[in-house]
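>>> Sequence first, then the predicted structure:
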Amino acid sequence: MEQIKNGILDYLKDNSFMERGTVLRDSDSLTQNGIIDSIGLLELIDYICETYSIEIPEDMLTPENFDSLQGITDLITRLAK
Amino acid sequence: MSKLACKKCVLNSDIPGIEINEESGLCHFCETYVPLSSKEREQYLNRIEELFKEYSGRGNYDVIFALSGGKDSSYTLYKLKKDYPFLKVLAVQFDNGFTSDYAVVNAKKMCEITGCDYFKLTMETEVLYELFRKAAESYDAFPKFAKYRASDICNICISVIKQKLLEQAIVQNAPFVVFAFTAGQSPNPIINLSANFIQWSRNLFEKQLQKIGVDDRDEQFLIKNEVIKNIGEVAPSILHPLCLWEYSEDKVIETVMELGWKAPDLNDSNSTNCTLNSFACHNHLEKYGFHPYAFDIAGLVRSGEMSREEGLEKLHQELSQPLIEEAAEKLEIKINHS
Ligand SMILES: [Zn+2]
């Protein structure tokens, strides 16, 4: 779990979605905190599918699953089995 | 700290958020950059062909195509129809109130040559001017990464295009929306959407508009909620085939000019179709201190689509003062003369 979370966090920092020093809590909204918008989301989703070799069913492309570190981590854990 | 420039691309440590590794001499984008291999490209192209074959012929159109009339989109439309002649394409040109006459002539010409339908999407000039004025006057309205990709004005414009083309795809029951982004601009060739996701990104853009002070109650810039409700079983997918094809600016220009595409006499090295672009760059530079094309050009250089010298030259070229002034006047914005 921690590993996935840190992987996503590194991706967000490496790709200039957020400053290196930013503190982001697990449940913070990525969109409401101005880290990601609709175009950035597409890139993030693509990155997740590639990196974790998962296919995300369409009905799972929801804010609950993608708008926070916790949501994303849970989703990947569930799908990457 | 003295300024460090990336050895590979055109980014440097003066741009906020860019770090150059002193040991490798590379920016963190170049350090982690992994290009698509030719095998991966081939796989993606095969996948796209399969998708075209599987889903074409179902709706009024197979493809809604974003045609700016510039060289890249003109070329992409031509090659798309050459490689997949069976596709029924509706090319949509968004006239943002600053589309050059050349771009309109070129777009229509390309549609004629390729046998595609042409549709000019436009809105009242005042509405558009107001939108871009608000974008120009906004500060930090976009996420950090979006600010790096393009100017605030371009971000707003491209978002409107995405919204309205997706809307058109749903209305026409077309399974694909195709954009002519290069590998430097968009590394993802196939993007599958869902109704949920389309709704979500629409709402995100609505908030974005509100943030810059635009209340789009009539859904002029947004996908209409009414339309989203009618998404059929399959939501449209977005395709970026140009990032899978071999690309060089010279080859692209040569190909389209042979077809009768006319090079514009706009004095803007980064846009051959939009007379607002110089102002948008000027506005971004003033607000944030770096060129909005820096990342775009860095991507092209990194992927080998443009030489580093050429990239640096583009970034250091002076913006056209007459174009800036003309746009500022239309938007009723005062500019600082430097
Ligand atoms: Zn670099």
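Noted; the coordinates are in hand. Numbers count the residues shown, from 1 in each chain, chains lettered A, B, ... in the order given.

>>> show me where chain A has helices.
A:2-14, A:38-51, A:63-66, A:69-79 (DSSP state H).

>>> and the first one, is it in reach of chain B?
Yes: Helix A:2-14 comes into contact with chain B when judged by CB under 8 Å from any CB of the partner chain, the residues involved being residue A:14. Using the backbone N, CA and C atoms, a C-beta is placed for each residue, glycine as well.

>>> Packing partners of that helix?
Under the contact definition 3 or more CB pairs under 8 Å, 6 or more residues apart in numbering or on different chains; DSSP states H and E, helix A:2-14 sits against helix A:38-51, helix A:69-79.

>>> now the last one against helix A:2-14, angle please.
In this case it means helix A:69-79. Relative orientation of helix A:69-79 and helix A:2-14, computed by axes from the mean of the first three to the mean of the last three CA atoms, to 10 degrees: 130 degrees.

>>> Any buried residues in helix A:69-79, and which?
For helix A:69-79, burial by neighbour count (16 or more other CB atoms under 10 Å in any protein chain shown) applies to A:69, A:71, A:72, A:73, A:74, A:75, A:76, A:79.

>>> starting at the chain centroid, how far to the longest helix along chain B?
In chain B, taking DSSP H as the definition, the longest helix is helix B:152-171. In terms of CA atoms, centre = their mean, to the nearest Å, the centre of helix B:152-171 is found 10 Å from the chain centre.

>>> Next SSE downstream of that helix?
The C-terminal neighbour of helix B:152-171 among helices and strands, as given by DSSP states H and E, is strand B:176-178.

>>> So is that next one next to chain A?
No: on the criterion CB under 8 Å from any CB, strand B:176-178 is out of touch with chain A, staying 12.3 Å away.

>>> Same question for stretch B:138-147.
Yes: legend: contact between stretch B:138-147 and chain A by CB under 8 Å from any CB is shown at B:142, B:143, B:144, B:145, B:146.

>>> what's the span of that stretch from first residue to last?
12 Å (CA to CA, to the nearest Å).

>>> buried set for it?
For stretch B:138-147, the neighbour count (16+ other CB under 10 Å) marks B:138, B:141, B:142, B:143, B:144, B:145, B:146, B:147 as buried.

>>> Would you enumerate the residues in contact with the closest residue to residue A:79 other than its chain neighbours?
Of all residues not flanking residue A:79 in the chain, residue A:54 sits nearest, at 4.3 Å (CB to CB, 6 or more residues apart in numbering or on different chains). Applying CB atoms under 8 Å, 6 or more residues apart in numbering or on different chains, one finds that residue A:54 lies in contact with A:48, A:76, A:79, A:80.
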